[in-house]
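Trainee: show me the folded form of this:
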Amino acid sequence: MLSQSFPAFGTDVTLQVWPRPPARTRAEAALCRAIAFLRRAERRLSRFDPGSELSRLNHAAGRPVRVSPVTFGVIEAAVTAARATGGLFDPTVYHALLAAGYDRDFRSLLDAQASGESNDAGKLSGDLPGRRRRARNGSRQKVAGSSVTPIPALLAGASCQMGKEGAAGCRTPDYERVQLEPQTRTVMLPAGVALDLGGIAKGWLADVVVRRLARHGPALADLGGDIALSPLAASVPDWEIEVDSPRGGPALGLLGVRGGGVATSGVTRRRWQSGGQARHHLIDPRTGAPAAVDLAAVTVVAPSATTAEVVTKVLLLLGRERARQTVVLTPALAAVLVPPAGPPAFVGTAAAGWRLMGTQGRGHHDRT
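Mentor: Now for the predicted structure:
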């Protein structure tokens with residue numbers, strides 16, 4: 001097994017590939033190329049870097065901007081995801097994040113707290129994500145991206161989102177006013193609108209990297225918990241994904257997955273105080289404020305890491321009961337719903353298996 005771990009995107013990244021015996025040298029070269037690809041993508045997609053391609057696009061709202069294939073691909077996936085979820089996932093919440101105090105990367109916010117620096121975000125709590133889910137091997141260890149198809153169970157309950165007032169009294173969502181021109185790779189944001197691509201970018205990039213590495217053997221890409229997994233042959237045991245508790249302490253259980261994507265979102269780790277109120281990074285597009293939720297965290301198994309990342313956010317916003325109903329009505333999904341107190345609930349059987357830690361299950365497996 002070849003493995004590389006490094007910090008990027010404000011979190012920890014792990015890439016792994018189990019090369020077929022004749023392909024080890026080529027797999028090593030592919031791993032190096034994947035790391036270089038992610039480094040370039042980080043420089044393009046960070047909203048915290050004023051020189052990034054995304055920052056330049058946000059500052060040029062109202063004018064068409066030609067962007068790289070990676071940036072265009074992620075934006076296209078984000079707009080598609082917003083439409084597929086009726087706006088419950090919305091990449092245009094940038095200004096709402098700033099208003100809530102999330103105006104720099106979270107490591108910088110933690111450093112500011114430790115040094116006693118005064119900042120708009122105020123008091124912080126929690127820790128950095130990035131080691132919350134661990135994929136295990138047998139030792140329990142033209143750019144084409146992914147998109148998100150419409151999810152009827154979500155669209156049925158979607159309501160008007162933030163945006164410009166329309167003739168019917170329901171505002172046109174800002175994401176619907178983002179103009180994309182694939183032939184020239186130009187993007188034009190509406191005046192006053194800016195994008196935050198953090199979560200979906202990591203899922204999209206994980207999918208791209210795994211497809212490239214999988215040419216050389218079973219592969220995994222974990223970008224801070226947005227995990228893409230190559231499909232496995234029938235003779236190969238499941239990928240095992242350990243799901244950590246958002247409350248700390250022992251892991252909750254293991255997901256057995258044949259491939260696709262796994263992602264986790266929650267509201268217990270990236271938290272701070274601003275204006276005397278507790279804040280977190282999950283913005284509800286219906287209100288423009290940090291969401292009021294009845295779940296501490298959600299882990300989703302889906303056909304891709306892009307879809308899993310989007311659906312985790314949406315299920316948190318829907319709340320426990322509607323989240324459960326949505327997964328039940330969507331055969332391609334499975335989810336672990338974790339309330340603030342009490343046991344987690346596993347929903348869905350088609351996409352994954354689940355067992356609680358401490359219960360009897362599969363033994364020691366090898367990926368090759």
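Trainee: what's the host helix or strand of residue 346 packed up against?
Mentor: Using DSSP states H and E, residue 346 sits within strand 345-347. Helices and strands touching strand 345-347, by 3 or more C-beta pairs under 8 Å, 6 or more residues apart in numbering; DSSP states H and E, are helix 320-328, strand 334-338. To be clear about C-beta, it is placed using only N, CA and C from the backbone, and glycine gets the same treatment.
Trainee: in the first one, what counts as buried?
Mentor: Within helix 320-328, the residues that qualify as buried are 320, 323, 324, 326, 327, counting by 16 or more other C-beta atoms under 10 Å.
Trainee: for it, packing partners?
Mentor: helix 152-155, helix 305-318, strand 334-338, strand 345-347.
Trainee: looking at these, which is buried most?
Mentor: helix 305-318 (a mean of 29; mean count of other C-beta atoms under 10 Å).
Trainee: same question for that one, mean pLDDT?
Mentor: For helix 305-318, mean pLDDT rounds to 94.
Trainee: off-centre distance for it?
Mentor: Centroid separation for helix 305-318 versus its chain: 8 Å, with C-alpha atoms, centre = their mean, to the nearest Å.
Trainee: rewinding a little: need the helices and strands packed on strand 345-347 in TSV (columns: distance to residue 49).
Mentor: Formatted as TSV, those follow (distance: least, C-beta to C-beta, whole Å):
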stretch	distance to residue 49
helix 320-328	34
strand 334-338	33
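Trainee: of all the ones you listed, which one is nearest residue 234?
Mentor: strand 334-338 (19.6 Å; C-beta to C-beta).
Trainee: who does that closest one pair up with?
Mentor: Strand 334-338 pairs in its sheet with strand 297-302 (antiparallel), strand 345-347 (antiparallel), by DSSP bridges.
Trainee: now those strands in CSV, with distance to residue 224?
Mentor: Converted to CSV, these look like this (distance: least, C-beta to C-beta, whole Å):
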stretch, distance to residue 224
strand 297-302, 14
strand 345-347, 23
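Trainee: possible to save those as TSV with mean pLDDT?
Mentor: Shown next, in TSV, are those (pLDDT from 0 to 100):
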stretch	mean pLDDT
strand 297-302	93
strand 345-347	91
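Trainee: nearest to residue 178 among the buried residues of helix 320-328?
Mentor: Nearest to residue 178 among the buried residues of helix 320-328 is residue 326, at 25.4 Å by C-beta to C-beta.
Trainee: go ahead and confirm the closest one touches residue 319.
Mentor: No. Counting by C-beta atoms under 8 Å, residue 326 stays clear of residue 319, with 10.2 Å between them.
Trainee: quick one: residue 255 and residue 335, what's the gap?
Mentor: Residue 255 sits 10 Å away from residue 335, going by C-beta to C-beta, to the nearest Å.
Trainee: what sits in contact with each of those two?
Mentor: 299, 301 (C-beta atoms under 8 Å, 6 or more residues apart in numbering).
Trainee: let me know how buried residue 26 is, in neighbour terms.
Mentor: By other C-beta atoms under 10 Å, the residues close to residue 26 number 14.
Trainee: make that residue 68, sorry
Mentor: Neighbour number of residue 68 under other C-beta under 10 Å is 15.
Trainee: how about the contacts made by it?
Mentor: Contacts for residue 68 (C-beta under 8 Å, 6+ apart) come out as 44, 53, 185.
Trainee: many thanks, have a good one.
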